[in-house]
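In: Okay, structure incoming, though there's no sequence with it:
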């Protein structure tokens with residue numbers, strides 16, 4: 001007698017907890033970004049949080065790969081999508097992805113089933129690769 005193999009594997013509890021913690025962290029970042037005023041220069045918004053000027057700018061007089069990321073998120077949270085992409089294209093994509101990741105992670109945590117070898121896993125990996133590529137290409141362009 002053969003037992004039926006379940007179509008989906010149940011997620012371990014630690015992973016379900018992680019799938020709840022990730023949206024909490026992303027939500028906190030988005031809330032903080034919404035409280036900041038985007039810097040008119042297109043970078044430097046992080047200094048409102050007490051962080052110093054970009055080390056790359058100070059040491060080598062070049063922007064770092066993340067320059068404009070906080071400004072981009074702040075624009076995004078103020079509904080200024082074009083300005084968000086102007087500040088940092090990778091940041092805008094990352095911010096939009098974070099907004100989508102929040103309900104997706106909570107949904108996966110609620111269902112408690114693995115996404116291995118399905119469209120969501122493949123699409124997520126592809127999208128992460130695209131975002132990293134956009135961040136890298138933008139940085140090389142700025143140099």
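Out: Yep, that arrived. Quick caveat, the model's predicted, so the values are computed rather than measured.
In: Touching stretch 21-31 from outside, list them.
Out: Contacts made with stretch 21-31 from outside it, assessed by C-beta atoms under 8 Å, 6 or more residues apart in numbering, are listed as 73, 77, 95, 98-99, 101-103, 105-106. Every C-beta, even on glycine, is put in place using the N, C-alpha and C of the backbone.
In: out of those residues, which is most surrounded?
Out: residue 73 (28 neighbours; other C-beta atoms under 10 Å).
In: ok, residue 79 to residue 38 distance?
Out: Distance of residue 79 to residue 38, computed by C-beta to C-beta, to the nearest Å: 11 Å.
In: will you turn the contacts of stretch 21-31 into JSON lines that also has distance to residue 127 and pLDDT?
Out: Listed next are those as JSON lines, based on distance: C-beta to C-beta, whole Å; pLDDT from 0 to 100:
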{"residue": "73", "distance to residue 127": "18", "pLDDT": "96"}
{"residue": "77", "distance to residue 127": "21", "pLDDT": "97"}
{"residue": "95", "distance to residue 127": "13", "pLDDT": "95"}
{"residue": "98", "distance to residue 127": "12", "pLDDT": "94"}
{"residue": "99", "distance to residue 127": "13", "pLDDT": "95"}
{"residue": "101", "distance to residue 127": "10", "pLDDT": "92"}
{"residue": "102", "distance to residue 127": "15", "pLDDT": "95"}
{"residue": "103", "distance to residue 127": "15", "pLDDT": "95"}
{"residue": "105", "distance to residue 127": "14", "pLDDT": "91"}
{"residue": "106", "distance to residue 127": "18", "pLDDT": "94"}
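In: List the buried residues for stretch 87-97?
Out: In terms of neighbour count (16 or more other C-beta atoms under 10 Å), stretch 87-97 has its buried residues at 87-97.
In: if we can go back for a sec, so which of the contacts of stretch 21-31 is the closest to residue 18?
Out: For the contacts of stretch 21-31, the residue nearest residue 18 by C-beta to C-beta is residue 105; the value is 8.5 Å.
In: Hmm, that closest one is touching residue 19, no?
Out: Yes: in this structure residue 105 lies within contact range of residue 19 using C-beta atoms under 8 Å: 4.6 Å.
In: nearest spatial neighbour of the residue nearest the centre of the chain, skipping sequence neighbours?
Out: Among the residues of the chain, the one closest to the centroid is residue 94, at 3.6 Å (C-alpha atoms, centre = their mean). Counting by C-beta to C-beta, 6 or more residues apart in numbering, residue 131 is the residue found nearest to residue 94 once chain neighbours are left out, at 5.9 Å.
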